[in-house]
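1. Build me a model from this:
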Amino acid sequence: MAFILGIYVCDRAARKMNIKDPGAIVWDEFVGMWITLILLPEGWYFLIAGFLLFRLFDIAKPWPVNYLDRQIPGGLGIMVDDVAAGLYALASLQLLAYATRTML
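-> Sure thing, here's the model as predicted:
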């Protein structure tokens with residue numbers, strides 16, 4: 001629901017501001033972060049790691065995040081690159097948690 005609502009809201013806001021992906025729109029960041037924190041492992045350090053991983057993937061925009069960011073217009077484009085970054089961060093966080101449990 002947050003993703004679908006975000007497509008509409010981000011599209012309307014971007015059109016009103018006449019900017020492709022305004023920095024003032026942060027709903028996409030919230031959704032990407034929520035995805036990262038799905039199944040958050042126990043421990044405050046995983047919360048910090050999740051935040052840092054999401055920011056890393058959101059800023060670095062590895063493939064296909066960079067492709068999605070450049071190629072998809074409107075509200076969907078604003079939302080989808082952060083969702084992809086959130087999925088990368090989620091996978092990385094889960095791998096980190098698995099590796100941590102395995103090593104202990």
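
2. CA atoms only for the lowest-mean-pLDDT helix or strand in the chain - export them in CSV, please.
-> Taking mean pLDDT, DSSP states H and E as the measure, the helix or strand of the chain with the lowest value is helix 65-71, at a mean of 89. Output of helix 65-71 as CSV, limited to C-alpha atoms (Å, rounded to 0.1, in the frame of the first residue of the first chain):
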residue,chain,number,x,y,z
VAL,A,65,19.1,0.8,-9.2
ASN,A,66,20.9,3.3,-11.4
TYR,A,67,19.1,2.1,-14.5
LEU,A,68,15.7,2.3,-12.8
ASP,A,69,16.5,5.8,-11.5
ARG,A,70,17.4,7.1,-15.0
GLN,A,71,14.9,5.2,-17.1
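
3. Report all helices and strands that that helix contacts.
-> Applying 3 or more Cβ pairs under 8 Å, 6 or more residues apart in numbering; DSSP states H and E, one finds that helix 65-71 makes contact with helix 74-103. Just so you know, the C-beta spots here come from the backbone N, C-alpha and C atoms, and that holds for glycine as well.

4. Please repeat the previous calculation with a cut-off of 10 Å.
-> With contacts defined as 3 or more Cβ pairs under 10 Å, 6 or more residues apart in numbering; DSSP states H and E, the secondary structure elements packing on helix 65-71 are helix 44-60, helix 74-103.
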